[in-house]
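Trainee: Structure of the sequence below:
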Amino acid sequence: PQMARFVRGQTLSLKGQQYVEAARSVGGTDRAVITRHIVPNLFNIVLTAATLDMVGIITAEATLSLLGLGLQAPGSSLGLMISDASGQIYIQWTEVLWPVLVLAALVLCFSFVGDGVGDACERDNPAEGDNDADGVINRDDNCMNVPNADQLDTDGDQVGDACDNCKAVANSNQDAAACG
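Mentor: I've put the predicted structure just below:
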């Protein structure tokens, strides 16, 4: 349920983005908008969240097993190994050390992988407002490309983009100030 709420919230957030509104305004069908704009951007966000959720899942399982509420013997779990070896910590301290080190390594690895996936996704999706991915938020960022909009080239740049769309629908009380 938590991931479902997260996905729903992100979908609603993406639905309100300028590029989705621009794609709809030039006649994009719901299916085209979903498959070309929402799902690719949602996939990156969900992949990052799922990778980072693995840290919590591994830690929760190990904690429950350590407390005796998770897997029971003859099962195999890092928390169960730590629990079984904790009685011998003064005799064989390495029996506790190795499962703890493996658990720490797993948690750190999934954290780093999650951060790496997030960074890679940010590189693929420029910062909000930087639509041309040049690292600078400027007037051209308001003129992002919109598929199937070449018939609306009103500014003479031979590219049908959101600025053309803003000018084309300015008479219907749309705010065209962002397009100059």
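Trainee: in the chain, what spans have low per-residue confidence?
Mentor: Where the chain drops to pLDDT under 70, the residues are 1, 123-180.
Trainee: Kindly recompute the last result at 50.
Mentor: 127, 135-152, 165-180 (pLDDT under 50).
Trainee: and residue 26, what are its phi and psi?
Mentor: For residue 26, the backbone dihedrals (degrees, to the nearest 10) come out as phi -90, psi 10.
Trainee: Give me the neighbour count for it.
Mentor: When counting by other Cβ atoms under 10 Å, one arrives at 20 neighbours for residue 26. Every residue, glycine included, has its C-beta placed from N, CA and C.
Trainee: quick one: it from residue 85, how far?
Mentor: Separation of residue 26 from residue 85 (Cβ to Cβ, to the nearest Å): 64 Å.
Trainee: Would you quantify the distance from residue 75 to residue 92?
Mentor: Plainly put, residue 75 is 21 Å away from residue 92 if you go by Cβ to Cβ.
Trainee: meant to ask about residue 45, not that
Mentor: For residue 45 relative to residue 92 (Cβ to Cβ), the value is 45 Å.
Trainee: the more surrounded of those two?
Mentor: With neighbours defined as other Cβ under 10 Å, residue 45 and residue 92 compare such that residue 45 has more, 19 against 11.
Trainee: now for the helix or strand encompassing that one, which elements pack on it?
Mentor: According to DSSP states H and E, residue 45 maps onto helix 39-67. Counting contacts by 3 or more Cβ pairs under 8 Å, 6 or more residues apart in numbering; DSSP states H and E, helix 39-67 is packed against helix 2-15, helix 78-85, helix 94-124.
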